[in-house]
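Q: 3D model of this:
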Amino acid sequence: MLSLSTVVFAASDLPRPLIIVSPDVFYSDKDILYIEGRSVPNHEIEVLLQQPGEKPIQIYTIADENGEWVATSRSHIAEGFWEARARTIDGEGGQSPWSQQRVIESVATSIRFGSFSLSYSTISIILVLLFIGMLIFLQKRYAFMGGSSFIRNTIEEEVQKHVREHEYEDMKQQLNILREQEEKLEEHVSELKNKLS
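A: Purely as a prediction, here's the structure:
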């Protein structure tokens with residue numbers, strides 16, 4: 001009895017590999033893409049991911065002696081629905097037909113700037129901190145303006161009080177001068193009356 005690993009296939013007779021495990025949803029900025037399947041033992045496997053308008057992604061791996069294979073990728077995969085297929089390749093360039101199609105939805109969890117990415121959760125935290133900072137700034141500015149207004153009003157009140165006190169003292173002096181002049185005038189009138197009588 002021949003085992004599957006010792007069977008030699010003609011290029012056109014290579015059986016389609018099977019994709020057994022693939023994600024329905026893939027978070028491209030957090031996860032490692034993981035696809036596994038079965039094929040002819042000890043053969044190379046090509047996994048092809050395609051989406052209209054995007055450059056296809058190819059991942060190569062080798063099926064073990066039991067025909068099991070695992071393909072992984074840390075590459076950024078653009079947001080959208082990707083079709084995943086696999087095929088077996090023998091050492092002489094022969095290729096099997098493509099496997100059944102699996103659809104994987106790639107979901108972005110961050111904003112990318114070239115090779116740098118900033119997750120939405122980090123952006124949310126930054127925005128909340130900026131909002132809190134702005135509230136603190138506005139509260140301090142309002143308190144400062146209110147405090148400044150309080151100080152200004154207090155100074156104005158003190159100046160007005162001082163001016164009123166000063167005016168009162170001036171009026172008191174003026175009144176004293178008038179009384180003195182009145183007394184002098186009365187003395188003078190009394191002297192004149194005495195001289196005339």
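Q: what about stretch 62-80, distance to the chain center?
A: Here stretch 62-80 is found 32 Å from its chain centre; the criterion is C-alpha atoms, centre = their mean, to the nearest Å.
Q: restrict it to CA atoms and write it as CSV.
A: Output of stretch 62-80 as CSV, limited to C-alpha atoms (Å, rounded to 0.1, in the frame of the first residue of the first chain):
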residue,chain,number,x,y,z
ILE,A,62,5.4,24.0,2.7
ALA,A,63,3.0,21.2,3.5
ASP,A,64,4.5,18.9,6.2
GLU,A,65,4.7,15.1,5.9
ASN,A,66,1.0,14.8,6.8
GLY,A,67,0.0,17.3,4.1
GLU,A,68,-0.9,20.0,6.7
TRP,A,69,0.2,23.6,6.0
VAL,A,70,0.0,26.9,7.7
ALA,A,71,0.5,30.3,6.0
THR,A,72,0.9,33.5,8.0
SER,A,73,1.5,37.1,7.2
ARG,A,74,2.3,40.2,9.2
SER,A,75,1.9,42.4,6.2
HIS,A,76,-0.6,45.3,6.3
ILE,A,77,-3.7,44.2,4.3
ALA,A,78,-5.8,47.1,3.0
GLU,A,79,-9.3,47.4,4.3
GLY,A,80,-12.0,45.5,2.4
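Q: for that stretch, what is the average pLDDT?
A: Mean pLDDT, taken over the full extent of stretch 62-80, equals 90.
Q: list the residue ranges of this structure that fall below the pLDDT cut-off.
A: 1-12, 112, 115-117, 142-151 (pLDDT under 70).
Q: quick one: the helices in it?
A: Counting by DSSP state H, residue ranges of the helices within the chain are 120-196.
Q: which elements pack onto the lengthiest strand in it?
A: Of all segments of type strand in the chain, defined using DSSP state E, the longest is strand 80-89. Applying 3 or more C-beta pairs under 8 Å, 6 or more residues apart in numbering; DSSP states H and E, we find strand 80-89 packed against strand 18-21, strand 33-38, strand 44-50, strand 102-107. Placement of C-beta: from N, CA and C, glycine included.
Q: what comes up buried for that strand?
A: In terms of neighbour count (16 or more other C-beta atoms under 10 Å), strand 80-89 has its buried residues at 82, 84-89.
Q: break the chain down into its domains, please.
A: According to automatic domain parsing, the chain comprises the domains 4-108, 120-197.
Q: which one of those is the most hemmed in?
A: Per residue and on average, the most neighbours among the domains of the chain fall to domain 4-108, with a mean of 16 (mean count of other C-beta atoms under 10 Å).
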